[in-house]
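Colleague: Need a 3D model of the sequence below.
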Amino acid sequence: MSDTLTHNEIIKDAIPTLAGTISATIDDPDAVNFDKDDEQFLKFHGIYQQDDRDTRKEGKKWMLMVRGRIPAGVLTSAQYKVFDQLASDHGNNTLRVTTRQSIQFHGVIKSGVRQLIKEINDSLLSTLAACGDVNRNIMAPPTPAYTSAREQVFEDSKKVMEALAPQTKAYHSIWIEGVQLDLEDPENKDFVDPLYGKTYLPRKFKVGFTIPPLNDIDIFTQCLGFIAIVENDKVIGYNLTAGGGMGRSHNQQETYPRLADVIGFFKPEHIVEISQAVLTVHRDFGDRTNRKHARLKYVLEEKGVEWFRSEVEKRAGIKLDPAREVKFEKQGDLYGWHKDVNGKSFFGLFIASGRVKDADGRNLKTALRQIADRHDIEFRLSANQNLILANVDEPTRQSINEIFAANGVKTEDQATALHAAAMACPALPTCGLSLAESERYLPGLLDRIENLLTEVGLPGQEIVIRMTGCPNGCARPYMAEIGFVGRAPGTYQVWFGGNESLTRLNRVWKDKVKDPDIIDEFRPVFERFAKERGENERFGDWADRALLNEQTAAN
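Modeller: All right, here's what the predicted structure looks like:
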């Protein structure tokens, strides 16, 4: 393996404040875009530089994607109104709920980005560390239906978010004060983050909390995971998991999706020490010479669980106990109206691919803004790109129903089973890494698959289907019962065999399937599934048990 540091490591070392020349470029009316180094620094501030790939033939149309850092995806009505207004004022008039319980703005131009981020900060949220080689947005269960322990988990997630936040003053300088830091000032040139060090992490770091038996945040895909152990509606501790991750590259077998390992059990009062210990293991042992090999999952895979447990215990000053036994039964969100554990109501809203917009007579963006204007409730983002309206009393519930009805938004039968269980990344035209369509393409494909399932005698079947435009796995396709991963324009790699509880990776079924051939390729598979499945057996379980094992034996 090469000992040469990647370019990202070199620029982090040179400018450890992460300031770059971002502020100066924003203030330069002649600069149409940020340079390559600033493009990397921008990520630490929650920003990706992009261009409209639909119009590239006419020349690059530069724009920015900005992602909020929203701990556990919880916003007040006032905060939601800020995000809604910013999408209209500075974005493309849509909000994109992400698979990490955040909100992205698309189509932001350089002249509007500073005001957008300042107003997010004024709302007491942030974009700092929503991207970059740091801890990203921390996930936690959004659903208030099962246990009051969810509130304790939420508070613990906020503790970890604060404990893992980078301390650079560049963020406040650029976005609040509008000042370019003096990069030659010794205080800036020699800045060392107290947790991350001078060069931060080798790559991104992702943290999630979950409460069994619901695995609604894909806990085994997280770099660091906390499985709440609940007794009598109180969290008595957490099972620690580490080393999960979805990213891979086509035709590079040394890259792969990986499930996290269960490391041990600890009491809640040690959550900060454990979090920082795991993060610093990644900091100190992650690969800084090859960014495709730089995730914590490769450290776990190559050094092993016993080594990792010992290293975490040493750094945290805590001895981990054996992990408690848990069982996950399912994933997914509750749709429609339900009661929470305290007797109030909450509403689960399906949002196709997380895109909040007004379109085709369904004025979803307008409806949610009206709800936020009129009612002081919680807006909770889910890991499946949906939204929960929580802490709703009876008069507010009636008002919400009226607002939805007036704007053409269904409160019952919001989506078919196949659509309701699906996810897609944005892909084209905004993502520079995308090899194929995803968000714009998936709804039509789901309709075609539904028709095929009806044709073979399986109408209304729920199958978890996830699609990404490239192999990086932002919509976690490698956990799905059917995963589509972009290979080339109109061509997808197809993965089968995930399960309902999101505890098993799927496997490649076909390396390349072109769009016109998908239904013909799937027809004999679904015909077999209809004939061979056990009682109530899901597609992913049957495919893993029968189809893929046959394929492996044949090879």
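Colleague: And stretch 440-453, what's buried?
Modeller: Under the neighbour-count criterion of 16 or more other C-beta atoms under 10 Å, stretch 440-453 has 441-442, 445-446, 449-450, 452-453 buried. All C-beta spots, glycine's among them, are computed from the backbone N, C-alpha and C.
Colleague: CA atoms only: put it into CSV for me.
Modeller: As requested, C-alpha coordinates have been extracted for stretch 440-453 and formatted as CSV (Å, rounded to 0.1, in the frame of the first residue of the first chain):
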residue,chain,number,x,y,z
ARG,A,440,-36.6,10.6,-11.3
TYR,A,441,-36.7,7.0,-12.6
LEU,A,442,-37.7,4.9,-9.7
PRO,A,443,-41.5,5.7,-9.5
GLY,A,444,-42.1,4.6,-13.0
LEU,A,445,-40.1,1.4,-12.5
LEU,A,446,-42.1,0.6,-9.3
ASP,A,447,-45.3,1.0,-11.3
ARG,A,448,-44.0,-1.6,-13.8
ILE,A,449,-42.9,-4.0,-11.1
GLU,A,450,-46.3,-3.7,-9.4
ASN,A,451,-48.0,-4.6,-12.7
LEU,A,452,-45.7,-7.6,-13.0
LEU,A,453,-46.4,-8.7,-9.5
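Colleague: tell me how far stretch 396-408 is from the chain's mean position?
Modeller: Its chain's C-alpha centre and that of stretch 396-408 lie 29 Å apart, by C-alpha atoms, centre = their mean, to the nearest Å.
Colleague: what about residue 552, neighbour count?
Modeller: 9 (other C-beta atoms under 10 Å).
Colleague: That one: what secondary structure?
Modeller: State at residue 552, reduced to three classes by DSSP: H, G, I helix; E, B strand; the rest coil: helix.
Colleague: go on, residue 141?
Modeller: In terms of secondary structure, residue 141 is coil; the call rests on three-state DSSP.
Colleague: Need the pLDDT of it.
Modeller: pLDDT, residue 141: 96.
Colleague: Now do the helices in the stretch 451-555 of the chain.
Modeller: Secondary structure of the stretch 451-555 of the chain, counting by DSSP state H, counting those that start in this stretch: helices at 518-532, 539-542, 548-554.
Colleague: Between those, which one is closest to residue 365.
Modeller: In terms of C-beta to C-beta, the element of those nearest to residue 365 is helix 518-532, at 31.5 Å.
Colleague: same for the closest one, what does it pack against?
Modeller: In terms of contacts (3 or more C-beta pairs under 8 Å, 6 or more residues apart in numbering; DSSP states H and E), helix 518-532 is packed against helix 442-455, helix 539-542.
Colleague: re the thing from before, generate a markdown table for the buried residues of stretch 440-453, with distance to residue 240 and pLDDT as supplementary columns.
Modeller: As requested, the buried residues of stretch 440-453 are exported to a markdown table (distance: C-beta to C-beta, whole Å; pLDDT from 0 to 100):
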| residue | distance to residue 240 | pLDDT |
| --- | --- | --- |
| 441 | 38 | 98 |
| 442 | 34 | 98 |
| 445 | 38 | 98 |
| 446 | 37 | 98 |
| 449 | 38 | 98 |
| 450 | 40 | 98 |
| 452 | 42 | 98 |
| 453 | 40 | 98 |
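Colleague: can you redo the helices of the stretch 451-555 of the chain as CSV with mean pLDDT and distance to residue 175?
Modeller: CSV is the format used below for the helices of the stretch 451-555 of the chain (pLDDT from 0 to 100; distance: least, C-beta to C-beta, whole Å):
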stretch, mean pLDDT, distance to residue 175
helix 518-532, 98, 44
helix 539-542, 98, 44
helix 548-554, 85, 48
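Colleague: How many neighbouring residues does residue 244 have?
Modeller: As a burial measure, residue 244 scores 26 neighbours (other C-beta under 10 Å).
Colleague: Spatially nearest residue to it, not counting backbone neighbours?
Modeller: If the residues on either side of it in the chain are set aside, residue 244 comes closest to residue 260, at 3.3 Å by C-beta to C-beta, 6 or more residues apart in numbering.
Colleague: Between the buried residues of stretch 440-453, which sits nearest residue 306?
Modeller: The shortest gap between residue 306 and any of the buried residues of stretch 440-453 belongs to residue 442, at 41.5 Å (C-beta to C-beta).
Colleague: residues contacting the residue nearest to the closest one when sequence neighbours are not counted?
Modeller: Closest residue to residue 442 apart from its sequence neighbours, by C-beta to C-beta, 6+ apart: residue 424 at 4.3 Å. Residues touching residue 424, when contacts are defined by C-beta atoms under 8 Å, 6 or more residues apart in numbering, comprise 353, 438-439, 441-442, 466-468, 475.
Colleague: Mind picking the one among these that's closest to residue 420?
Modeller: Proximity of these to residue 420 was ranked by C-beta to C-beta; the top entry is residue 353 with 11.9 Å.
Colleague: any chance you could map the strands in the stretch 251-400 of the chain?
Modeller: Taking DSSP state E, counting those that start in this stretch as the criterion, the stretch 251-400 of the chain contains strands spanning 261-266, 336-339, 345-349, 355-356, 358-359, 362-363, 378-381, 387-392.
Colleague: With mean neighbour count as extra columns, can I get those strands in JSON lines?
Modeller: As requested, the strands of the stretch 251-400 of the chain are arranged in JSON lines below (neighbours: other C-beta atoms under 10 Å):
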{"stretch": "strand 261-266", "mean neighbour count": "21"}
{"stretch": "strand 336-339", "mean neighbour count": "14"}
{"stretch": "strand 345-349", "mean neighbour count": "22"}
{"stretch": "strand 355-356", "mean neighbour count": "22"}
{"stretch": "strand 358-359", "mean neighbour count": "13"}
{"stretch": "strand 362-363", "mean neighbour count": "18"}
{"stretch": "strand 378-381", "mean neighbour count": "24"}
{"stretch": "strand 387-392", "mean neighbour count": "22"}
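Colleague: Show me the contact partners of stretch 303-318.
Modeller: With C-beta under 8 Å, 6+ apart as the contact definition, stretch 303-318 has outside contacts at 240, 242-243, 261, 263-264, 266, 270, 273-274, 276-278, 280-281, 285, 299-300, 319-320.
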